[in-house]
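Student: What shape does this take:
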Amino acid sequence: MSTQPEGIINPPIDSLLEASDSKYALVIYGAKRARQINAYYSQLHEGLFEYVGPLVDTRLNEKPLSIALREIDEGMLVAAPMEQAE
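Tutor: Okay, here's the model as predicted:
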């Protein structure tokens, strides 16, 4: 079993920042994906599949934010800027 700490330390913040323009964008990006993962697990027992589940192998009792950050670090998700409405 690995003794390396989980969360914001693993994956490293430096590699996560390469996937976004700023720390703020990374926080929003990770939080939105974590909410989607949480909603997926909540709707799973109801047979609803509105959201996509985790794209990486999850560990027992792993938090949705940790899953989202690992997805971002492994390049499974790509952030694209939204077009502003006129």
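Student: So which elements touch the longest helix seen in the chain?
Tutor: For the chain, the helix with the greatest residue count under DSSP state H is helix 23-44. When contacts are defined as 3 or more Cβ pairs under 8 Å, 6 or more residues apart in numbering; DSSP states H and E, helix 23-44 packs onto helix 13-17, helix 64-73. Heads up, the C-betas are built off the backbone N, CA and C, glycines and all.
Student: Show residues contacting the first one.
Tutor: So that's helix 13-17. 23, 26, 30, 69, 72, 73 (Cβ atoms under 8 Å, 6 or more residues apart in numbering).
Student: Considering the residues you listed, which is situated nearest to residue 11?
Tutor: Checking the contacts of helix 13-17 against residue 11 with Cβ to Cβ, the nearest one is residue 73 at 3.7 Å.
Student: Kindly confirm whether my reading is correct that that closest one touches residue 19.
Tutor: Yes - contact criterion Cβ atoms under 8 Å: residue 73 and residue 19 qualify, at 7.2 Å.
Student: With that, I have no additional questions.
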